[in-house]
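Sequence plus predicted model, see below.
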Amino acid sequence: MQNVSTRPKQGSGGWKGFRLSPKVAPYVFVAPALILFSIFMIYPIIYSFLLSLQKNVAGEQKWVGLDNYSRLLGDELFRKALFNTFIILIIQVPIQLSLAMLLAVGLNSKFLRMKSFFRAVYFLPAITSLAAASVIFRILFADPDGFVNSFVSVFGFGPIHWTLDETWNRVLLILAITWRWTGYNMVIYLSGLQGIPEDLYEAAAVDGASRSTRFFRITIPLMQPIILFTTILSTIGTLQIFDESYLLTNGGPQNATMTVGFYLYRTAFRQADFSYASTIAYGLLVIIAVLSFLQFRFTGGREEAS
Amino acid sequence: MRTISAAKRLSLLVVLALLSMAILAACGDNTATPVPATTAAAATTAAGAATTAAAAGGGTVNTTVKGDVTVWGWNVAAKSLQADVEGFNKLYPNVKVTVQDIGRLDVYDKLTTGLAAGGVGLPDVVQVESDHMDVYTSKFPDGFADLTEKATKYEKDFDPSKWAQSKINGKIRSIPWDSGPVGVFYRTDMFQKAGVDATKIETWDDYIEAGKKVVAANPGVKMNTIDYTKDDGLFRMILGQQGGYYFNKDGKITLTSPEAVSAMTVVKKLNDAGLLLNSSGWDGTVAANKNNKVATQIFGVWWSGTIMSEAPEQKGLWDVMPIPALTKGGSRASNLGGSTLAIPAKTKNLDAAWAFVEYSMATKDGQNNIIKNFGIWPSYIPAYSDPFYSANQPYFNNKPIWKMFADQIPQLKAAYYTGDNDKGLSVGADAQAAVLSGTDPAAALQKGADALKQQTGRDILK
């Protein structure tokens, strides 16, 4: 009250006497974030759900109920995109994470020189513009006479049809994704590794545990929460993979590397079919939610039990 | 408790849902890099007689129309519009035209979002490939300005097949730009070596027989390129010469029509005879031609511009014949590719925008500047009276090849692209890939038609 009386008067109304009570204050401070969140997150989420229940008929949005969803269930291309995405998920994520772990352990070793150089080198792809990288990839993997094909032909292998063959096209995509994200996960693992007390390894070494025993009995168990974290992150990331499919393989031969993200983009921005694109988004949302829920439940239950 | 409580589970789900939507939303922000266009617009600068046709003498100067006009296009098409600005400004000195080359796919992305947002952020004039136009007009019927009143007087002046595509529900929504009459570009030296007389080739069967001789006489050479998995251009050209497409005028799917089956059968026969070279994408096609790997290239007229600029050393070796007929005496005219110019309805300056479109598309000066310098073939028929069209072309065996293309224009039949053209293209390419790996053409097309029906909700024409 004293403060108010010492302030110069600002007319009869104004801010005089305006006070934030401790009860109201938090809401006021949080409000800007909440409003922005509502406009840019909540509203689009609700709106796209409404869109998924409509159809554009000659410029008019018509309500069609669950028509789009039944179309989605019977959509062969969506199924193929899901199949492709899951192939990448099942093959690529384990490769990428094991590779990241091996690199992290290697770079964490006391004997290696120029550690920060190697760390930077492996992390670099994660911050490289994929647009630029995919141009290089396309040149390297040009079919049939790119650098990689010239290289394997030295060892007597015929040209690999990276762009024509469905399987090799998927391999190409997996290579590109691995190249891009391994270093990223490696950095996460590195920070995790540095949290493991050195004396554990020393004690194990004294007890005669081999290098691999120490890795599987000390490193892996202690790193488990971090491994879970990267697994969930990579799973969600892979399910939404778009850039590589779009820029590098453009969906591939016979849609071999068409991902759900690319299919969604194509439906919305190439075919101007925002309703069905929203339906695809919600289809993917359900799948991601179920998968993540399973992963959380699987590990969450164990955590509570311990 | 080993399991999470119901409330916790629910909130977890909600958080996950929001999280994944957030990441999904971020997906949409990716800016696309321009990918080289493979259709009409990709034809690069034609050597040709490079005289800039100024508007001197033609038309009266109009100073009442004024304002700024922004134009979106890509590649050589954007360049050619830019080249028209000088002549345009002689007639309309108070209109400032800015042509922006923002890449083909970027134009489409921005156009989609702009139209969806009710016309926000769009230019005054935009280039759209003919087969893409329906995507927009079907979803945003009033997204482009109604040009009926201004343009109807030109109806007789344009390639009728293109004019039909510009008319949507009785209203003119775009002005035709270039047509893509098709020809068989062939290597005279390779034909000569095999003792094949191109003028004797009348049907596809003749072409295949000739092809076998050419391939035998020229080791390492195939007859034509084809993109095994990504593009069904050859199929579409053979379908088009019979007046067919993926869809008919009523929007029904016609992939199982006798025309489509016969077209796909020709593709299969060509492949079975070992005449096709698998080339990946536009660059692969250009490289195959430049590296003397093929004896013919069946494409739209816009290919001439590309080959002249990409392979100047092959000057004089190429000639052109019409596409072979299916049966003796049958149609030998088809179309591949082509663009239109449209004016977004929200333009602040319709008159100035229309003035530019009118000058560049519907005057001899504007169009002949484009064909002479950029190899883009006019849909505007009066342009063909220029001596340029009957002149011998040194690059093409000193033959008046332009005349052959011009003669095709009245015979071209409109393709009904519909808003689902993109889906049709991918289904067509898949059917072609299946046929080339051994499937029966009718069966592959039936499967494609079923897929297209499922994706579009359209009926298959019985």
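Arrived safely.

Get me the contact residues on the stretch 151-300 of chain B for chain A.
The stretch 151-300 of chain B has residues B:228-230, B:278, B:280-281 near chain A, with proximity defined as Cβ under 8 Å from any Cβ of the partner chain. For glycine as for every other residue, the C-beta is placed from the backbone atoms N, C-alpha and C.

Who wins on neighbours among these?
Within those, most neighbours by other Cβ atoms under 10 Å in any protein chain shown means B:Thr229, with 26 neighbours.

For that one, give me its contacts.
Applying Cβ atoms under 8 Å, 6 or more residues apart in numbering or on different chains, we find B:Thr229 in contact with A:164, A:253-254, B:429, B:433.

Out of the residues of the stretch 151-300 of chain B next to chain A, which comes closest to B:Thr112?
Distances from B:Thr112 to these, taken as Cβ to Cβ, are shortest for B:Lys230 (22.1 Å).

secondary structure element for B:Leu122?
If you go by DSSP states H and E, B:Leu122 is not part of any helix or strand.

mind listing what it touches?
B:110-111, B:114-115, B:344, B:346-347.

The same query, at a cut-off of 7 Å, please.
B:Leu122 sits next to B:111, B:114, B:344, B:346 when contact means Cβ atoms under 7 Å, 6 or more residues apart in numbering or on different chains.

Does the first one touch B:Val126 like I think?
Yes: with contact defined as Cβ atoms under 7 Å, B:Leu111 counts as touching B:Val126 (6.3 Å).

And stretch B:330-345, what's buried?
For stretch B:330-345, burial by neighbour count (16 or more other Cβ atoms under 10 Å in any protein chain shown) applies to B:331-345.

what are the phi and psi values for the residue in chain B that chain A sits nearest to?
For chain B and chain A, the shortest gap (Cβ to the nearest Cβ) falls at B:Thr229, measuring 3.4 Å. Dihedral pair for B:Thr229: phi -120, psi -20, per degrees, to the nearest 10.

Convert stretch B:399-417 to PDB, retaining C-alpha atoms only.
Output of stretch B:399-417 as PDB, limited to C-alpha atoms (Å, rounded to 0.1, in the frame of the first residue of the first chain):
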ATOM      1  CA  LYS B 399      14.900 -30.000 -92.200                       C
ATOM      2  CA  PRO B 400      12.000 -27.700 -91.400                       C
ATOM      3  CA  ILE B 401      11.100 -29.700 -88.300                       C
ATOM      4  CA  TRP B 402       9.000 -27.000 -86.700                       C
ATOM      5  CA  LYS B 403       6.400 -27.300 -89.400                       C
ATOM      6  CA  MET B 404       5.800 -30.900 -88.500                       C
ATOM      7  CA  PHE B 405       5.000 -30.000 -85.000                       C
ATOM      8  CA  ALA B 406       2.800 -27.100 -86.000                       C
ATOM      9  CA  ASP B 407       0.800 -29.400 -88.300                       C
ATOM     10  CA  GLN B 408       0.000 -31.600 -85.300                       C
ATOM     11  CA  ILE B 409      -1.600 -28.900 -83.200                       C
ATOM     12  CA  PRO B 410      -5.100 -29.100 -84.600                       C
ATOM     13  CA  GLN B 411      -5.100 -32.800 -84.300                       C
ATOM     14  CA  LEU B 412      -4.200 -32.900 -80.600                       C
ATOM     15  CA  LYS B 413      -6.900 -34.200 -78.200                       C
ATOM     16  CA  ALA B 414      -7.300 -32.800 -74.700                       C
ATOM     17  CA  ALA B 415      -6.300 -34.900 -71.800                       C
ATOM     18  CA  TYR B 416      -8.500 -34.600 -68.800                       C
ATOM     19  CA  TYR B 417      -6.000 -34.400 -66.000                       C
END
